[in-house]
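Engineer: predicted coordinates and the sequence they were generated for:
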Amino acid sequence: MDLRGFQDLQTAVAEERAVIDLDHVTARRLVVQGGLPLTEYIGAGSRFLFRVLGVCYVGGLAAGVALLVSGRFLYAAITFMAAIVVQQLWGGLAVDLVRTIASRDAAFCLLALREGWITLIEPPVAPGRSPKPLTLGVAEGSSYDEEVTRVKAALALRPDDAQARFDLGLTYLLMGKFDLALEESRVLTMTDARLAAKLQALTRLLAS
């Protein structure tokens, strides 16, 4: 199954026809490091919380090793189990957070797919079955062209509509037209500097 755009992805996820998949290690790294456009959703306090969980996990492993070396096997086993619980909590929270952001922010979803941080799969139909991968994209002359036409028409009526111009730039990114996306970001600086900076940063990152 191919998803022809971000709105299709949102619908498929909501209807449980698609799953945003990623591993715990990648999720933890993304949440702790932050970066555009994640910083709009994850503040310094949240990143600090995830760092604390990481320190607790590493500290638990170190304590478990020390107890194991000293011959306190029961206490070592308990400490290792506690560290594993912290690790699962740490990774599970990070995965849920990244999945939520990817299903709501088209810019982050595009970046995460391009960098291989997340993948789209169909829900497994039975235990042990390998999930089928999904793709997010369209062929030439598809609905992206229709979206560009629609947004341009809206901008002709309301040229100061910052969200519409941002959406147009994002559509250009999805089409691989980075020069047009960058041009839209420059125009966007006159109406919404925050959205313009977000579009510029994403365009440069994807075009590099």
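Structural biologist: That came through fine. Numbers count the residues shown, from 1 in each chain.
Engineer: what does the pLDDT read for the residue sitting furthest away from the middle of the chain?
Structural biologist: Distance from the C-alpha centroid of the chain, by C-alpha atoms, centre = their mean, peaks at residue 71 (44.2 Å). You'll see residue 71 listed with a pLDDT of 89.
Engineer: quick check: which ranges of this structure have low pLDDT?
Structural biologist: For the chain, applying pLDDT under 70 flags the ranges 1-5, 35-37, 124-130, 136-143, 208.
Engineer: longest helix anywhere in it?
Structural biologist: What stands out as the longest helix in the chain, according to DSSP state H, is helix 73-104.
Engineer: helices and strands around that helix, which ones?
Structural biologist: Under the contact definition 3 or more C-beta pairs under 8 Å, 6 or more residues apart in numbering; DSSP states H and E, helix 73-104 sits against helix 6-14, strand 19-21, helix 24-33, helix 44-69, helix 106-115. All C-beta spots, glycine's among them, are computed from the backbone N, C-alpha and C.
Engineer: just those: most buried one?
Structural biologist: The highest average neighbour count among these, using mean count of other C-beta atoms under 10 Å, belongs to helix 106-115 at a mean of 20.
Engineer: tally of neighbours for residue 116?
Structural biologist: Neighbourhood size, residue 116 [other C-beta atoms under 10 Å]: 9.
Engineer: ok, it to residue 132 distance?
Structural biologist: When distance is defined by C-beta to C-beta, to the nearest Å, residue 116 is 18 Å away from residue 132.
Engineer: same check on residue 50?
Structural biologist: Distance, residue 50 to residue 132, by C-beta to C-beta: 31 Å.
Engineer: just put the helices and strands packed on helix 73-104 in CSV and tack on distance to residue 95.
Structural biologist: Below are the helices and strands packed on helix 73-104 laid out as CSV (distance: least, C-beta to C-beta, whole Å):
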stretch, distance to residue 95
helix 6-14, 14
strand 19-21, 9
helix 24-33, 4
helix 44-69, 12
helix 106-115, 12
